[in-house]
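K.L.:
the following comprises the amino acid sequence and a computationally predicted model.
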Amino acid sequence: MKRILTNEIIKYLDQKVKVCGWVNTVRAHGKILFVDLRDRGGVLQLVCPPDIAKDLRPEWVICVEGKAKERPKGMQNPKIETGKVELAVEDLKVLAKAKTLPFAIDTSGYEINEEKRLKYRYLDLRRERLRKNLIWRQKVIQFMREFLINEGFVEVETPILTKSTPEGARDFLVPSRLQPGKFYALPQSPQQFKQLLQVAGLEKYFQIARCFRDEDPRADRQAEHTQLDIEMSFVEQEDILSLTEKLYSSIIKNLFPEKRIQKIPFPRISYKEAMKKYQSDKPDLRKNKNNPDELAFCFVVDFPMFEWHENEKRWGAQHHPFTKPQVEEFAETSSHLSPHSTSLNSAIKEMKKHPEKVLAHQYDLVLNGYEIGGGSIRTTNLDILTAVFEVFGHKKEEVKKKFSNYFEAFSYGVPPHGGIAPGIDRLLAVVLNEPNIREVMAFPKTGDNRDLMMGAPSEVTEEQLKELHIKITKPKGQ
Ligand code: ASP
């Protein structure tokens, strides 16, 4: 007999059916045993004669056959989808027994030690809240895909084993066995690939991209996160902002209609104004911060191009080096510094002299006080790009060597382009009112990047190290 799902049972009243799943609860009622069976459709009440069900324990996996019957009036449970029906079991097979679970799964789970939940994540995910979160995640991603494909975007996968791209964090490195002594880096983002896809003429790219950043332990960060990575050619900043606004307001209207977006169009606030008015570059613009259904999106624009890295005593990029500085605009406003020289060259000279004064064509998408994405228009002029690296303290020749592939690609006809990369984890955490991003990820790691379920990172064998020509020198004190 073909298996049906518990929530399909209503269609089979008075017929014989087969259902499979986990024992949710067992209750004895006189001589009869009531078993709640759980599958991906929901929960269904089974009525079992004691002889075939007397040993059943919670979380055993079973398969039963029997007749679907309407429950007697007064015994119906309007709280569950199958509440009008029960299954009179005639045959029961135990497919797998189960030990007692290390924690309860019929609660929200917030009360349980999180390390324990992460160690047994496959059990934690049996919890209804987490199962629903995963399904919401899939719905949001599916919506993004369909929306962008309708707008003419092409989804492209980019490599995971690649070369370091500067995004401001530390790289995860993977040693190469075939090229001893050389390493791949896991991408901090597909930044260079998505730009090279513009040189390739794709014009509208997106990807649900995994990004890897080896950051120091932080409570609500993960070593890998997922972002909706977007890049477009022949656009200006406002084109990217309005596409993002259209996408995000459609997601909310279609999937979370109970939420209220405070203002559409999303306010555009300059970095300077945000810092002055809210002392933050990710202001929380909600009028009523206690209302869980209020969403205040905004764009923060015109960030400074450079930031001073005190530890290294040098300038770095506020976003990343490929962001286009507002160098022409800067030349205009600072023309009094070097009168008669509004040409690009003199603007570049001014930028090198006064990096602190230069703004960038850069923007962040902010939601309820969280930065949920960032992007920029890119520099396609190689003189400007070289100058940006010079501000960081690199020598011209060194830059050309390090980014030779990029420089070469840009010499073959590069369209003006720009993009954005909103994070998916944070958006979900906010709209699902979850306290942190781990609650919306299937298999998150701890704040210090350990995977407690898989036991990663872990040591490897001597043979593996030898093949990679790697010797471990133990850190002092170990
Ligand atoms: N690559 C950037 C990031 O991951 C986003 C972008 O500039 O498109 O933050």
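P.N.:
Done, it's in. Numbering: from 1, shown residues only.

K.L.:
what residues does the stretch 51-200 of the chain put near the ligand?
P.N.:
Contact residues (CB under 6 Å from any ligand atom) of the stretch 51-200 of the chain with the ligand: E167, S189, Q191. Where C-beta positions appear, they are placed from N, C-alpha and C, glycine not excepted.

K.L.:
got CSV for the residues you listed, with distance to K353, neighbour count and pLDDT too?
P.N.:
Formatted as CSV, these follow (distance: CB to CB, whole Å; neighbours: other CB atoms under 10 Å; pLDDT from 0 to 100):
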residue, distance to K353, neighbour count, pLDDT
E167, 27, 19, 75
S189, 31, 21, 95
Q191, 28, 23, 95
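
K.L.:
select the longest strand from the chain.
P.N.:
Taking DSSP state E as the criterion, the chain has its longest strand at strand 16-29.

K.L.:
can you spell out which helices and strands pack onto that one?
P.N.:
Counting contacts by 3 or more CB pairs under 8 Å, 6 or more residues apart in numbering; DSSP states H and E, strand 16-29 is packed against strand 32-39, strand 42-48, strand 61-70, strand 85-96.

K.L.:
show me what from the stretch 351-478 of the chain comes close to the ligand.
P.N.:
Checking the stretch 351-478 of the chain against the ligand by CB under 6 Å from any ligand atom, the hits are G374, G375, S376, G419, I420, A421.

K.L.:
helices and strands of the chain: which one has the lowest mean pLDDT?
P.N.:
Using mean pLDDT, DSSP states H and E, helix 327-333 stands out as the lowest-scoring helix or strand of the chain, at a mean of 73.

K.L.:
isn't there a helix covering K466?
P.N.:
Yes - under DSSP: H, G, I helix; E, B strand; the rest coil, K466 sits within a helix.

K.L.:
burial count for it?
P.N.:
Counted with other CB atoms under 10 Å, the neighbours of K466 add up to 10.

K.L.:
check the gap between G393 and P355 for me.
P.N.:
For G393, the distance to P355 (CB to CB, to the nearest Å) stands at 11 Å.

K.L.:
what do those two both touch?
P.N.:
Taking CB atoms under 8 Å, 6 or more residues apart in numbering as the contact rule, G393 and P355 both touch W315.

K.L.:
neighbour count winner among the two?
P.N.:
More crowded of G393 and P355, by other CB under 10 Å: P355, with 20 against 13.

K.L.:
not counting sequence-adjacent ones, nearest residue to the more buried one?
P.N.:
F306 (4.2 Å; CB to CB, 6 or more residues apart in numbering).

K.L.:
tell me the residue of the stretch 251-400 of the chain that sits nearest the ligand?
P.N.:
G375 (3.9 Å; CB to the nearest ligand atom).

K.L.:
so that residue touches G418, yeah?
P.N.:
Yes - the criterion here is CB atoms under 8 Å, and G375 meets it with G418 at 6.7 Å.

K.L.:
look at those two and report which has more neighbours.
P.N.:
Between G375 and G418, G418 has the larger neighbour count (other CB under 10 Å), namely 27 against 24.

K.L.:
the more buried one contacts S376, correct?
P.N.:
Yes - G418 lies in contact with S376 (CB under 8 Å); the separation is 6.1 Å.

K.L.:
shared neighbours of the two, anything?
P.N.:
K324, H361.

K.L.:
give the buried residues for stretch 270-282.
P.N.:
Y271, A274, D281, K282 (16 or more other CB atoms under 10 Å).

K.L.:
typed the wrong thing, it's stretch 365-378
P.N.:
365-368, 370-378.

K.L.:
quick one: the helices in the stretch 351-478 of the chain?
P.N.:
382-391, 396-402, 404-410, 424-431, 462-467 (DSSP state H, counting those that start in this stretch).

K.L.:
how far off centre is the last one?
P.N.:
On the basis of CA atoms, centre = their mean, to the nearest Å, helix 462-467 is displaced by 34 Å from the centre of the chain it belongs to.

K.L.:
just stretch 87-99 next, same as before
P.N.:
39 Å.

K.L.:
in PDB, list the C-alpha atoms belonging to that stretch.
P.N.:
C-alpha atoms of stretch 87-99 as PDB (Å, rounded to 0.1, in the frame of the first residue of the first chain):
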ATOM      1  CA  LEU A  87      -6.600   6.100  12.400                       C
ATOM      2  CA  ALA A  88      -7.800   2.800  13.700                       C
ATOM      3  CA  VAL A  89      -4.600   0.800  13.500                       C
ATOM      4  CA  GLU A  90      -4.800  -2.800  12.300                       C
ATOM      5  CA  ASP A  91      -1.200  -3.500  11.600                       C
ATOM      6  CA  LEU A  92       2.000  -1.800  13.100                       C
ATOM      7  CA  LYS A  93       5.600  -2.300  12.100                       C
ATOM      8  CA  VAL A  94       8.500  -0.800  14.200                       C
ATOM      9  CA  LEU A  95      11.100   0.400  11.700                       C
ATOM     10  CA  ALA A  96      13.600   1.700  14.300                       C
ATOM     11  CA  LYS A  97      13.700   2.000  18.000                       C
ATOM     12  CA  ALA A  98      15.000   5.200  19.700                       C
ATOM     13  CA  LYS A  99      16.900   6.000  22.800                       C
END
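
K.L.:
when you give positions from now on, start the count at 611
P.N.:
In the new numbering, first residue 611, that becomes stretch 697-709.

K.L.:
check which helix or strand the residue of the stretch 611-760 of the chain found nearest the ligand maps to.
P.N.:
For the stretch 611-760 of the chain, the residue closest to the ligand is L758, as judged by CB to the nearest ligand atom, at 14.4 Å. Per DSSP states H and E, L758 falls inside helix 738-760.

K.L.:
list of residues touching that helix?
P.N.:
Contacts to helix 738-760, defined as CB under 8 Å, 6+ apart, come from residues 716, 718-719, 734-735, 765, 814, 816, 818, 838, 840, 857, 860-861, 864-865, 1034, 1037-1038, 1041-1042, 1044, 1049-1050, 1052.

K.L.:
just the buried residues of these.
P.N.:
Burial by neighbour count, 16+ other CB under 10 Å: within those this picks out 719, 734-735, 814, 816, 838, 840, 857, 861, 1034, 1037-1038, 1041-1042, 1044, 1049-1050.
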